[in-house]
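**Q** give the three-dimensional model of this entry:
(chains A and B)
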Number of protein chains: 2
Amino acid sequence: MKKTIITISREFGSGGREIGKKLAEQLNIPFYDKQLIEIAAKESGFDKELFEEEDARTSKGFHLFGALGYSLGGPLSTITELSLNDRLFLVQSQVIEQVAKEGPCVIVGRCADYVLKDYDNVLNVFIYGNMEDKVTRAVKSYEVDERDVESSVRKIDKHRANYYEYYTDRKWGRVENYDLSLNSSTFGIEGCVEIIKTLVEKES
Amino acid sequence: MKKTIITISREFGSGGREIGKKLAEQLNIPFYDKQLIEIAAKESGFDKELFEEEDARTSKGFHLFGALGYSLGGPLSTITELSLNDRLFLVQSQVIEQVAKEGPCVIVGRCADYVLKDYDNVLNVFIYGNMEDKVTRAVKSYEVDERDVESSVRKIDKHRANYYEYYTDRKWGRVENYDLSLNSSTFGIEGCVEIIKTLVEKES
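**A** Modelled structure (predicted):
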């Protein structure tokens, strides 16, 4: 089956988001990351600001309690006993499923590979990089404090790993979760875009 | 720098060896795996049978004591206090360095990615696959006993991981050791060959 939905998981500073954005532009298909929150907010009626504040908070302190195992298809009204974080995750997951059903797109982060694990038309990509390059990009693109930037980069990835593992019961960054893993330090941003684009256009 | 040396690490049953062999054929460059032992035996004067017997044994029971940290460049005569396993690893490493210096080639297994870590012209690839496909290939290509074949596949990979971790102090199958990781269940044998070939021919 042709792979038309591309999910991108990425280390902080690896350029994964930029790769996803350029890929979507070149393939002329929608790109989702922060926008997902906005769509989710609108769909669910949740207040947008509350969502974004909550989203910023969840990235700071998740614990490894394993997968939630909740059915993503159920109505939100039946799961009001869940924490706001968990409800946020479920709303986002429903939005991811919805956009995936609408047609080809690129989705960065938000455990999209896990949310869409039962879909055959999904290509899951992991982007990582050498620490030196990630540090350079973090300072340049995200204005991370130059003091102890390597530690900041590691900390952000630790949060991503914890978030992913809490909701999926999988290990973030392990090859088995992805169809393809690329070191952006080897191939560069444009190189990675080119590799994925070629595969998407060819896979059938 | 152009990547002309390709190392392939692979899960058992993923078809990684076949991918390496076909890749070498299509690029018209030498392919090394078992042959390495023969070259090593000839170079060192070690008895070939002894080598192969030892090689079969080492795959069964390595422990996780971390990296050896020995200089690979030293003459073997200075390291006679090492176990035969360790000497075998060092001889193989010297052979890997030698063939890499001779020109473009494909090397499967034997921690070649680690041995050649200081070379810029090396593309390190990891090939893995879905369990169902690995089991099918194991039964078909390697005549693994059909009873409990999944357990055998896991056991062989556990040995590979232990061997790699013992000699390199790295985690086998972790993306950071490789430039590129490919799921052969997604792309197929020919698909993986094609992807790597395109990258080798393009990278410069």
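**Q** drop to CA atoms for contacts and neighbour counts, all remaining ones
**A** OK.
**Q** least confident secondary structure element in chain A?
**A** None of the helices or strands of chain A scores lower by mean pLDDT, DSSP states H and E than helix A:48-58, at a mean of 52.
**Q** now the element after it, going C-ward?
**A** helix A:84-102 (DSSP states H and E).
**Q** show me what that following helix is packed up against.
**A** helix A:34-44, helix A:48-58, helix A:112-115 (3 or more C-alpha pairs under 8 Å, 6 or more residues apart in numbering or on different chains; DSSP states H and E).
**Q** and it, what's buried?
**A** A:86, A:88-97, A:99-100 (16 or more other C-alpha atoms under 10 Å in any protein chain shown).
**Q** mind putting those into TSV with distance to residue B:149?
**A** What follows is the buried residues of helix A:84-102, written out as TSV (distance: C-alpha to C-alpha, whole Å):
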residue	distance to residue B:149
A:86	39
A:88	41
A:89	38
A:90	38
A:91	41
A:92	39
A:93	36
A:94	38
A:95	40
A:96	37
A:97	35
A:99	39
A:100	36
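**Q** next helix or strand past the one helix or strand residue A:24 maps to?
**A** Assigned by DSSP H and E, residue A:24 falls within helix A:16-27. Using DSSP H and E, the helix or strand that directly follows helix A:16-27 along the chain is strand A:31-32.
**Q** that next one pairs with which strands?
**A** The strands beside strand A:31-32 in its sheet (DSSP bridges) come out as strand A:105-108 (parallel).
**Q** pop out the phi and psi values for the spatially most central residue of chain A.
**A** When chain A is reduced to its mean C-alpha position, the nearest residue by C-alpha atoms, centre = their mean turns out to be residue A:109, at 0.5 Å. Main-chain torsions, residue A:109, degrees, to the nearest 10: phi 70, psi -160.
**Q** related to what we said a few turns ago, how about the helix holding residue A:24, does it reach chain B?
**A** No. On the criterion C-alpha under 8 Å from any C-alpha of the partner chain, helix A:16-27 is out of touch with chain B, staying 14.5 Å away.
**Q** what lies in contact with that helix?
**A** A:8-10, A:30-31, A:105-108, A:126-128, A:189-190, A:192-193, A:196-197 (C-alpha atoms under 8 Å, 6 or more residues apart in numbering or on different chains).
**Q** using neighbour counts, pick out the buried residues of that helix.
**A** Of the residues in helix A:16-27, those buried (16+ other C-alpha under 10 Å) are A:16, A:17, A:19, A:20, A:21, A:22, A:23, A:24, A:27.
**Q** got a list of what the most far-flung residue of chain A relative to its centre touches?
**A** Distance from the C-alpha centroid of chain A peaks at residue A:147, with 27.1 Å (C-alpha atoms, centre = their mean). Listed by C-alpha under 8 Å, 6+ apart, the contact set of residue A:147 is empty.
**Q** where does it fall, secondary structure wise?
**A** Judged by DSSP H and E, residue A:147 forms part of no helix or strand.
**Q** filter the contacts of helix A:16-27 down to the buried ones and hand me the ChimeraX line.
**A** Filtering these down to the buried ones (16+ other C-alpha under 10 Å) takes a single ChimeraX command:
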select /A:8,9,10,30,31,105,106,107,108,126,127,128,189,192,193,196,197
